[in-house]
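In: When you get a sec, could you give me coordinates for this:
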Amino acid sequence: MSFNHRKSVTHRLVQAARVHRTRAAVHLGRIGLHPGQEAVLKALADRDGQSMSELAAELAVQPPTVTKMISRLGAQGLLTRQTSSADGRLARVFLTDAGRERAGAVDAVWKRVEKEALAGLDEKDRKRLKKLLRQIEKNLMPAGVAANADDDDEETPDAVAKPVVPIPHDEAEEGATD
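Out: Next up is the predicted model:
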């Protein structure tokens with residue numbers, strides 16, 4: 001029996017991520033940002049003065065991607081680059097007042113998209129969904145890389161299932177059609 005990807009959980013997950021990104025892009029566009037740029041602003045709002053390599057690591061993107069985003073956000077007057085006084089080869093990135101204001105607008109966008117995405121789900125379903133998604137994230141993370149933890153969540157020992165042991169190729173094909 002062949003694998004019907006359209007009936008798989010991961011297909012639904014990918015579809016949900018795709019429409020989430022599209023919806024977020026619409027709302028971000030209204031405040032003058034493209035997807036990904038909001039993450040830079042929020043990272044700097046949390047810890048201003050990061051180096052380009054620190055930002056790349058925090059955002060899990062390649063350094064050239066950060067460089068391009070920093071250049072575009074700088075052109076909008078949302079951040080500045082300053083050479084480190086301790087190491088002249090190192091540039092640190094800082095939010096401007098306009099950048100801090102825009103980072104605040106990002107919060108409103110995220111709240112709106114969250115509300116739209118979770119409409120029709122009660123609080124119990126939302127918490128369970130969050131735990132299930134966290135488990136999927138952990139299952140798919142490369143060995144030795146920790147998944148992002150939510151500081152506001154208290155996790156009980158059996159709140160999230162134990163990581164899945166990889167199954168042989170033959171069994172994966174048989175059981176994944178539901």
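In: Output the below-cut-off pLDDT ranges for the chain.
Out: Along the chain, segments meeting pLDDT under 70 span 144-178.
In: Please enumerate the strands of it.
Out: 50-51, 79-83, 91-95 (DSSP state E).
In: Go through those and name the closest to Pro63.
Out: Taking CB to CB, strand 50-51 is the member of the strands of the chain nearest to Pro63, at 10.0 Å. C-beta coordinates here come from the backbone N, C-alpha and C atoms, glycine included.
In: and for the closest one, what are the contacting residues?
Out: If you take CB atoms under 8 Å, 6 or more residues apart in numbering as the criterion, strand 50-51 is touched by 43-44, 58, 84, 90-93.
In: what would the strands of the chain look like in CSV with distance to His34 and mean neighbour count?
Out: CSV is the format used below for the strands of the chain (distance: least, CB to CB, whole Å; neighbours: other CB atoms under 10 Å):
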stretch, distance to His34, mean neighbour count
strand 50-51, 20, 18
strand 79-83, 15, 15
strand 91-95, 17, 19
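In: which one of those lies closest to Gly29?
Out: Gly29 lies closest to strand 79-83 among the strands of the chain, at 19.1 Å (CB to CB).
In: and that closest one, how far from the chain's centre?
Out: When C-alpha coordinates are averaged (CA atoms, centre = their mean, to the nearest Å), strand 79-83 and its chain have centres 24 Å apart.
In: Name every strand pairing with it and say which way it goes.
Out: strand 91-95 (antiparallel) (DSSP bridges).
In: what separates the strand it pairs with from the chain centre, distance-wise?
Out: Counting by CA atoms, centre = their mean, strand 91-95 comes out at 21 Å from the chain centroid.
In: Any chance you could give me it in CSV, C-alpha atoms only?
Out: Written as CSV, here are the backbone C-alpha positions of strand 91-95 (Å, rounded to 0.1, in the frame of the first residue of the first chain):
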residue,chain,number,x,y,z
ALA,A,91,29.5,44.9,14.6
ARG,A,92,26.7,44.9,17.1
VAL,A,93,23.1,45.6,16.1
PHE,A,94,20.8,47.9,18.1
LEU,A,95,17.2,48.9,17.8
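In: The strands of the chain into CSV, with extra columns for distance to Pro142?
Out: As requested, the strands of the chain are arranged in CSV below (distance: least, CB to CB, whole Å):
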stretch, distance to Pro142
strand 50-51, 23
strand 79-83, 30
strand 91-95, 27
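In: Nearest approach to Leu140 belongs to which of those?
Out: strand 50-51 (26.3 Å).
In: The strands of the chain: which one's closest to Gln62?
Out: strand 50-51 (14.7 Å).
In: Pull up the pairing partners for the closest one, direction included.
Out: By DSSP bridges, strand 50-51 pairs with strand 91-95 (antiparallel).
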